[in-house]
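Asks: Need coordinates for the below:
(2 chains)
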Amino acid sequence: MAEKIEMIALSPTMESGTIINWVKKEGDSFVSGDIICEVETDKAAMEYEAFNNGTILKIVVPEGDEASIGEVIAVSGEKNEDISAMLADIEAGRGKNKAVKGEDSNGIAGLKEEQRIKASPLARVIAKRKGIELSSVKGTGPEGRVIKRDLEGFTAGAVRSVPAGRIKSVEPGSGLRGETVRVGAIRKAIAKRMAESKFSAPHYYLKVTVNAERLLAAREKLNKKLAEKVSLNAFLLKITAGVLVKHPEVNSSWRGESIERFGSSDIGLAVALDDGLITPVIRECGHKGIIAIDRELKGLILKAKEGKLAPSEYLNATFTISNLGSFGIEEFTAIINPPGSAILAVGEIMRQPAVTGRESEGTERIGIIPVVKLTLSCDHRVIDGAAGAAFLHELKECIEEPYNILF
Amino acid sequence: MPVITFREALRQAMDEEMERDKDVILMGEEVARYNGAYKVSQGLLGKYGEERIIDTPISEEGFTGIGIGAAMAGLRPIVEWMTFNFSLMAIDQVINNAAKTRYMSGGQVEIPVVFRGPNGPGEYLAAQHSQAFQSLYAHIPGLKVAAPSTPYDAKGLLKSAVRDNNPVIFLESELMYSLKGNVPDDEYLVPLGEADIKREGNDATVVCFSRPVHMALEAAEQLKEEGINIEIVDIRSIRPLDSGVIFSSVKKTNRCVVVDEAWPFAGVGSYIGWLVSKNCFDDLDAPVELVSLEDVPMPYNHKLELAAQVSAEKIAAAVKRVLYTDQGNTEKKKWLKK
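Replies: Residues are numbered from 1 along each chain as shown, chains lettered A, B, ... in the order given. All right, here's what the predicted structure looks like:
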């Protein structure tokens, strides 16, 4: 009997995949476990294994075309079986899908657009009040309707994690309370992505202390001329983009059997939300000025906090910066944000005693200067130690003497 | 406190009001010499005489019109219809004269008249004599409609109805006339437009009036054994409707079952169901359920007659449906099979 072969999720965050290669052609038979085709997801090229035995009767999605999860990519069955009715059906469905596509925005990293969820009006009110995402709740009413009792296990704010660095006010006398908290879709997505990155990409870490005197001076100079102050992050993004041009191996992604070198530096900046985090991405940082980057950053951060970022505004950073300086963190190591292969962790700018001047010129002395500690996490599959070190060294030089970026 | 029947409570109400106010009269078929078809007016002829307790010809349109005219002229008539099935003969008088005159005279002419009698299903009375017409009257602006469920409420409401300067439709029930209940010796009134919580509970609100209140109380006992505690709101007056009590109860329980002995289409129960859906939308955890007479003429076959009507079992099943317990659905299926 003819069966539809549908696109499946070959990575946890995959929403759609591109057929790179049909290993089995029309007319080829296969058995369970055979590789039917290769699919490129947002992360890597994956092999699509057959679940059962059969013969490919018709390839619906040709090589090079993209298919969403659940979309029919081929039809299998017994040789010479008549599948014209099924194909007409599939064609009608594909036309409809095409028309609906494009509405899908407004989601949050790795989340699908919230589908119409059945819930009683009361359940909706309770979920809103408690900050619970209805999609994360299993409804026990008719047809899966979410009703009051399904939300009774949730406590107020249960799925809202306390943002790092902020202390939740505690009623005097109240202590810790043991409880099991169900997680929302955002937390699930973060957990999956981070675990996948940390466990599949071999991380190593490089650390430097950077003199931030010139950087702060340059920022002060610029800000004197502007009504709206430019953030330090905008400077860091711009300088990093400049250094990435000279170290393209750091601006790359592991693709399983190949390494992709990105043609632009799309730098993401980690932003803490009330209920998770997200990395808005500034595209083509190399081609933008610091003021433009800053303006764009402010707009995206605002949208991020309102939960209104479109996937195109947060997905596929080629490099990421995470800055916990404002929380008083001296230094830390960050987990790489795929598909990028490196992430820069920025600490607080601290005034510290340091040796300045040059030994050879006899101008050495101890002075108090602002320093910042940078830690680069690299995916060793893509970036070897020396390559990472060369990048970080040059980044340090460019922050300390910004004109170095011109060399 | 004395325990008396529903019919005695009605009689006390009329007696007290006639004694208090000489303008109050009673008229209708067989109300005087025969002491009333259901013996509600027993003994009143002897006490108040033929001028105030008046036997009328069998002509509903005629004596209803006379009652309205007497009210225009300054009396406060109580018009007894032998049953509301016969009130259909007089409905033009009620809708076009009783309900409209105050409005159309710019408030100059008030119609202080009460139309009372048994409404709703009886037993073995078949399709034409076993009907519940609350929606016909409640539909009309200008009429007040009362539907008590206990002797206490019946007495207090009827006294308020007699004293009201608007036409009041007073719905009794043939099957409740012998129902007993506590009625104090001291005079009291139950105002029109005040609902009464007949039973407190937290799990679901059952809104009802007239005879089904007792079915709801019976259902409450069955449900209690299963750990379900329902709140029973007896609206007592259909018009004016005390919607505030209904809404605050539903806001507490998050579930609502409306019970109406009449047909579902364009009924009082359907309207209350809509009010609750609209005003308690964000408080509802389940769709509002309506338990009503099945949408058919009343069958004469006794088994069918009972199966078509509202019952404690049907109310209990509806409560379970709004509580999302499986039995709610299976019991409905069971009923449909019967």
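Asks: going forward, measure contacts between C-alpha atoms and count neighbours the same way
Replies: OK.
Asks: what's B:Pro287 in contact with, if anything?
Replies: Taking C-alpha atoms under 8 Å, 6 or more residues apart in numbering or on different chains, we find B:Pro287 in contact with B:255-256, B:277, B:322.
Asks: Name the SS class of it, please.
Replies: Reducing the assignment to helix, strand or coil with DSSP: H, G, I helix; E, B strand; the rest coil, the entry for B:Pro287 is coil.
Asks: quick one: pLDDT of it?
Replies: Model confidence at B:Pro287, given as pLDDT, is 96.
Asks: Most widely separated two among the contacts of B:Pro287?
Replies: Using C-alpha to C-alpha, the two most remote members of the contacts of B:Pro287 are B:Ser277 and B:Val322, lying 13.2 Å apart.
Asks: what sits in contact with each of those two?
Replies: For the pair B:Ser277 and B:Val322, residues contacting each of them under the criterion C-alpha under 8 Å, 6+ apart are B:287-288.
Asks: Have a look at these two and say which one is more surrounded.
Replies: B:Val322 (23 against 18; other C-alpha atoms under 10 Å in any protein chain shown).
Asks: ok, the more buried one to chain A distance?
Replies: Taking C-alpha to the nearest C-alpha, to the nearest Å as the measure, B:Val322 and chain A are separated by 10 Å.
Asks: Tell me how many other residues surround the closest residue to A:Lys288 other than its chain neighbours.
Replies: With sequence-adjacent residues excluded and distances taken as C-alpha to C-alpha, 6 or more residues apart in numbering or on different chains, A:Lys288 is closest to A:Lys238, at 7.7 Å. Other residues near A:Lys238 number 24, with proximity taken as other C-alpha under 10 Å.
Asks: Now do the same contact list for A:Lys238.
Replies: For A:Lys238, the residues meeting the contact criterion (C-alpha under 8 Å, 6+ apart) are A:285-286, A:288-290, A:293.
Asks: what's the residue of the stretch 151-300 of chain A found nearest chain B in contact with, if anything?
Replies: Of all residues in the stretch 151-300 of chain A, A:Leu151 sits closest to chain B, with a separation of 11.3 Å (C-alpha to the nearest C-alpha). In this structure, A:Leu151 makes contact with A:123, A:126-127, A:137, judged by C-alpha under 8 Å, 6+ apart.
Asks: Where does the stretch 51-200 of chain B get nearest to chain A, which residue?
Replies: The nearest approach of the stretch 51-200 of chain B to chain A comes at B:Glu200, 20.8 Å away (C-alpha to the nearest C-alpha).
Asks: show me what contacts that residue?
Replies: When contacts are counted by C-alpha under 8 Å, 6+ apart, B:Glu200 is found next to B:229-232.
Asks: for A:Glu401, same thing?
Replies: Applying C-alpha under 8 Å, 6+ apart to A:Glu401 gives the contacts A:214-215.
Asks: so what are the domain limits for the chain?
Replies: I'll assume chain A. The domain map for chain A lists A:3-99, A:112-185, A:201-406, with the assignment taken from automatic domain parsing.
Asks: The chain in question should be chain B.
Replies: Domain assignment for chain B by automatic domain parsing gives B:3-182, B:196-337.
Asks: ok, now which ones touch the residue nearest in space to the middle of chain B?
Replies: Nearest to the mean C-alpha position of chain B, by C-alpha atoms, centre = their mean, lies B:Ala147 at 2.2 Å. Going by C-alpha under 8 Å, 6+ apart, B:Ala147 touches B:170-172, B:209-210, B:236-238.
Asks: Looking at those residues, which are in strands?
Replies: Residues of the contacts of B:Ala147 located in strands (DSSP state E): B:170-172, B:237-238.
Asks: between those, which has the most around it?
Replies: Neighbour counts for the ones in strands among the contacts of B:Ala147 peak at B:Ile238, which has 28 neighbours (criterion: other C-alpha under 10 Å).
Asks: That one against B:Pro148, yeah?
Replies: No - applying C-alpha atoms under 8 Å as the test, B:Ile238 and B:Pro148 come out as separate, 9.7 Å apart.
Asks: what's the burial count for residue 236?
Replies: You didn't say which chain, so I picked chain A. Using other C-alpha under 10 Å, A:Leu236 has 19 other residues around it.
Asks: I was after chain B.
Replies: Residue neighbour count, defined by other C-alpha under 10 Å, stands at 29 for B:Arg236.
Asks: For it, what are phi and psi?
Replies: Dihedral angles phi and psi of B:Arg236 (degrees, to the nearest 10) take the values phi 60, psi -50.
Asks: How is B:Lys252 assigned, secondary-structure-wise?
Replies: Reducing the assignment to helix, strand or coil with three-state DSSP, the entry for B:Lys252 is helix.
Asks: Wait, it touches B:Gly201, no?
Replies: No - with contact defined as C-alpha under 8 Å, B:Lys252 does not count as touching B:Gly201 (9.2 Å).
Asks: Quick one: the strands in the stretch 1-150 of chain B, in order.
Replies: B:3-5, B:24-28, B:53-55, B:76-80, B:114-118, B:144-146 (DSSP state E, counting those that start in this stretch).
Asks: which parts of the stretch 1-150 of chain A sit against chain B?
Replies: When proximity is defined as C-alpha under 8 Å from any C-alpha of the partner chain, the stretch 1-150 of chain A approaches chain B at A:120-125, A:141-142, A:147-148.
Asks: quick one: pLDDT of the closest residue to A:Val72 other than its chain neighbours?
Replies: Using C-alpha to C-alpha, 6+ apart and skipping the chain neighbours, the partner closest in space to A:Val72 is A:Glu6 (4.2 Å). A:Glu6 carries a pLDDT score of 88 in this model.
Asks: and residue 324, what does it touch?
Replies: With no chain named, the answer covers chain A. Going by C-alpha under 8 Å, 6+ apart, A:Leu324 touches A:345-348.
Asks: Chain B, not that one
Replies: With contacts taken as C-alpha under 8 Å, 6+ apart, B:Tyr324 has the following neighbours: A:141-142.
Asks: Pretty sure it sits in a helix.
Replies: No - counting by three-state DSSP, B:Tyr324 is not part of a helix but coil.
Asks: lowest average confidence, helix or strand, in chain B?
Replies: The helix or strand of chain B with the poorest confidence is helix B:326-337; it has a mean of 53 (mean pLDDT, DSSP states H and E).
Asks: sorry, that was for chain A
Replies: When the helices and strands of chain A are compared on mean pLDDT, DSSP H and E, helix A:84-100 comes out lowest with a mean of 68.
Asks: all helices for the chain, in order.
Replies: With no chain named, the answer covers chain A. Using DSSP state H, the helices of chain A run over residues A:84-100, A:121-130, A:148-151, A:185-200, A:213-225, A:232-246, A:290-305, A:311-314, A:385-400.
Asks: should've been chain B
Replies: Using DSSP H, the helices of chain B run over B:6-20, B:44-48, B:60-72, B:91-92, B:101-104, B:134-138, B:151-163, B:212-225, B:243-253, B:268-279, B:302-308, B:312-322, B:326-337.
Asks: Looking at these, spot the one closest to A:Thr333.
Replies: Taking C-alpha to C-alpha as the criterion, helix B:243-253 is the member of the helices of chain B that comes nearest to A:Thr333, at 51.4 Å.
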